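S.K.: compute the structure for the input listed below.
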Amino acid sequence: MTWRTWAVARACAQVVARAYAPMFALACAPVVALAADDHSEADIIDIANDYGIDPAPLLVTGDVEYGAYLSGECTTCHQTSGNYDGIPVITQWDEVYFKVAMHEYRLKTRENPVMQLVAGRLGDEEIASLAAYFAQIED
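M.R.: Residues are numbered from 1 along each chain as shown. Prediction:
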(Lines give C-alpha, C1' and ligand atoms only; values in the text may rest on other atoms or scores of the structure.)
Protein backbone atom coordinates (compact mmCIF):
# COMPACT_ATOMS: atom_id res chain seq x y z
CA MET A 1 0.00 0.00 0.00
CA THR A 2 1.42 3.37 -0.99
CA TRP A 3 1.46 6.35 1.33
CA ARG A 4 -1.29 8.07 -0.70
CA THR A 5 -3.52 4.97 -0.62
CA TRP A 6 -2.99 4.66 3.11
CA ALA A 7 -3.81 8.36 3.65
CA VAL A 8 -7.04 8.08 1.63
CA ALA A 9 -8.03 4.90 3.47
CA ARG A 10 -7.34 6.55 6.83
CA ALA A 11 -9.34 9.66 5.87
CA CYS A 12 -12.27 7.48 4.79
CA ALA A 13 -12.08 5.51 8.02
CA GLN A 14 -12.17 8.75 10.02
CA VAL A 15 -15.25 9.97 8.14
CA VAL A 16 -17.01 6.65 8.75
CA ALA A 17 -15.93 6.64 12.40
CA ARG A 18 -17.32 10.14 12.95
CA ALA A 19 -20.57 9.28 11.20
CA TYR A 20 -21.06 6.15 13.25
CA ALA A 21 -19.40 7.30 16.48
CA PRO A 22 -22.63 7.21 18.50
CA MET A 23 -23.24 3.61 17.42
CA PHE A 24 -19.63 2.62 18.19
CA ALA A 25 -19.78 4.32 21.56
CA LEU A 26 -22.92 2.40 22.43
CA ALA A 27 -21.31 -0.83 21.29
CA CYS A 28 -18.23 -0.14 23.42
CA ALA A 29 -20.08 0.85 26.57
CA PRO A 30 -23.64 1.80 27.38
CA VAL A 31 -23.79 5.54 27.79
CA VAL A 32 -26.93 6.90 29.37
CA ALA A 33 -27.79 10.58 29.44
CA LEU A 34 -28.29 10.70 33.20
CA ALA A 35 -26.22 12.50 35.76
CA ALA A 36 -24.84 10.29 38.51
CA ASP A 37 -27.16 12.08 40.95
CA ASP A 38 -30.13 10.69 39.01
CA HIS A 39 -29.36 7.13 40.18
CA SER A 40 -30.75 5.96 43.47
CA GLU A 41 -28.96 3.22 45.38
CA ALA A 42 -31.70 0.81 44.23
CA ASP A 43 -31.09 1.87 40.60
CA ILE A 44 -27.37 1.20 40.97
CA ILE A 45 -28.02 -2.22 42.48
CA ASP A 46 -30.38 -3.02 39.57
CA ILE A 47 -27.73 -1.89 37.05
CA ALA A 48 -25.11 -4.08 38.77
CA ASN A 49 -27.48 -7.05 38.68
CA ASP A 50 -28.22 -6.42 34.98
CA TYR A 51 -24.47 -6.68 34.27
CA GLY A 52 -23.84 -9.50 36.72
CA ILE A 53 -21.35 -7.56 38.83
CA ASP A 54 -21.11 -6.78 42.53
CA PRO A 55 -22.96 -3.50 43.26
CA ALA A 56 -20.53 -2.43 46.04
CA PRO A 57 -17.88 -0.94 43.68
CA LEU A 58 -20.59 0.97 41.81
CA LEU A 59 -21.70 2.63 45.05
CA VAL A 60 -18.24 4.10 45.75
CA THR A 61 -18.17 7.89 45.39
CA GLY A 62 -15.25 9.29 43.45
CA ASP A 63 -13.15 12.40 44.01
CA VAL A 64 -12.92 14.59 40.88
CA GLU A 65 -9.48 15.99 41.82
CA TYR A 66 -8.08 12.50 42.40
CA GLY A 67 -9.59 11.42 39.08
CA ALA A 68 -7.89 14.35 37.34
CA TYR A 69 -4.60 13.28 38.93
CA LEU A 70 -5.06 9.69 37.72
CA SER A 71 -6.34 10.56 34.24
CA GLY A 72 -2.96 10.93 32.52
CA GLU A 73 -2.75 7.29 31.48
CA CYS A 74 -6.32 7.41 30.13
CA THR A 75 -5.80 10.58 28.12
CA THR A 76 -2.75 9.08 26.44
CA CYS A 77 -5.26 7.29 24.19
CA HIS A 78 -8.73 8.71 24.93
CA GLN A 79 -9.23 12.30 23.81
CA THR A 80 -10.75 14.74 26.29
CA SER A 81 -12.00 16.91 23.43
CA GLY A 82 -14.91 14.57 22.78
CA ASN A 83 -13.57 13.72 19.31
CA TYR A 84 -13.79 10.10 18.19
CA ASP A 85 -10.67 8.93 16.37
CA GLY A 86 -11.04 5.16 16.61
CA ILE A 87 -10.76 5.09 20.40
CA PRO A 88 -14.03 5.60 22.28
CA VAL A 89 -14.78 8.94 23.87
CA ILE A 90 -14.94 8.65 27.66
CA THR A 91 -15.90 12.22 28.56
CA GLN A 92 -19.40 12.97 29.83
CA TRP A 93 -20.22 9.30 30.43
CA ASP A 94 -22.66 8.51 33.16
CA GLU A 95 -20.50 7.69 36.21
CA VAL A 96 -22.27 4.42 36.98
CA TYR A 97 -21.86 3.08 33.44
CA PHE A 98 -18.21 4.18 33.38
CA LYS A 99 -17.70 2.14 36.54
CA VAL A 100 -19.56 -0.81 35.00
CA ALA A 101 -17.30 -0.73 31.94
CA MET A 102 -14.11 -0.51 33.99
CA HIS A 103 -15.19 -3.32 36.32
CA GLU A 104 -16.08 -5.51 33.35
CA TYR A 105 -12.59 -4.89 31.94
CA ARG A 106 -11.10 -5.65 35.35
CA LEU A 107 -13.09 -8.90 35.56
CA LYS A 108 -12.15 -9.66 31.92
CA THR A 109 -15.80 -10.04 30.91
CA ARG A 110 -15.40 -7.13 28.48
CA GLU A 111 -12.77 -7.82 25.86
CA ASN A 112 -9.90 -5.49 25.16
CA PRO A 113 -6.46 -6.61 26.35
CA VAL A 114 -5.15 -3.07 26.85
CA MET A 115 -8.17 -1.97 28.88
CA GLN A 116 -8.12 -5.22 30.86
CA LEU A 117 -4.51 -4.49 31.81
CA VAL A 118 -5.23 -0.87 32.74
CA ALA A 119 -8.43 -1.62 34.68
CA GLY A 120 -6.78 -4.58 36.41
CA ARG A 121 -4.38 -2.19 38.14
CA LEU A 122 -7.12 0.12 39.44
CA GLY A 123 -8.98 -0.13 42.73
CA ASP A 124 -12.62 0.76 43.31
CA GLU A 125 -11.81 4.27 44.60
CA GLU A 126 -9.58 4.98 41.60
CA ILE A 127 -12.26 3.81 39.13
CA ALA A 128 -14.91 5.90 40.92
CA SER A 129 -12.64 8.97 40.86
CA LEU A 130 -11.91 8.56 37.15
CA ALA A 131 -15.65 8.18 36.52
CA ALA A 132 -16.35 11.40 38.45
CA TYR A 133 -13.59 13.27 36.61
CA PHE A 134 -14.50 12.19 33.08
CA ALA A 135 -18.25 12.73 33.70
CA GLN A 136 -17.70 16.44 34.39
CA ILE A 137 -15.43 17.23 31.41
CA GLU A 138 -17.19 19.41 28.84
CA ASP A 139 -16.50 19.01 25.11
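S.K.: the helix or strand where L117 lies packs against which elements?
M.R.: Here L117, judged by DSSP states H and E, is contained in helix 113-120. Judged by 3 or more Cβ pairs under 8 Å, 6 or more residues apart in numbering; DSSP states H and E, helix 113-120 is in contact with helix 95-107. Bear in mind the C-beta positions are built from the backbone N, C-alpha and C, glycine included.
S.K.: tell me which residues in the helix it packs on are buried?
M.R.: Across helix 95-107, burial judged by 16 or more other Cβ atoms under 10 Å covers 95-106.
S.K.: nearest to V60, of those?
M.R.: Each of the buried residues of helix 95-107 was scored against V60 by Cβ to Cβ, and K99 proved nearest at 7.7 Å.
S.K.: and R110, how many neighbours?
M.R.: 18 (other Cβ atoms under 10 Å).
S.K.: quick one: contacts for the closest residue to it other than its chain neighbours?
M.R.: The shortest distance from R110 to any non-neighbouring residue, by Cβ to Cβ, 6 or more residues apart in numbering, is to E104 (3.7 Å). Neighbouring residues of E104 by Cβ atoms under 8 Å, 6 or more residues apart in numbering: 51, 53, 110.
S.K.: just name the closest of those residues to V118, please.
M.R.: Distance ranking of the contacts of E104 against V118, using Cβ to Cβ, places R110 first at 12.0 Å.
S.K.: quick one: contacts for that closest one?
M.R.: So R110 contacts 101, 104, 116 (Cβ under 8 Å, 6+ apart).
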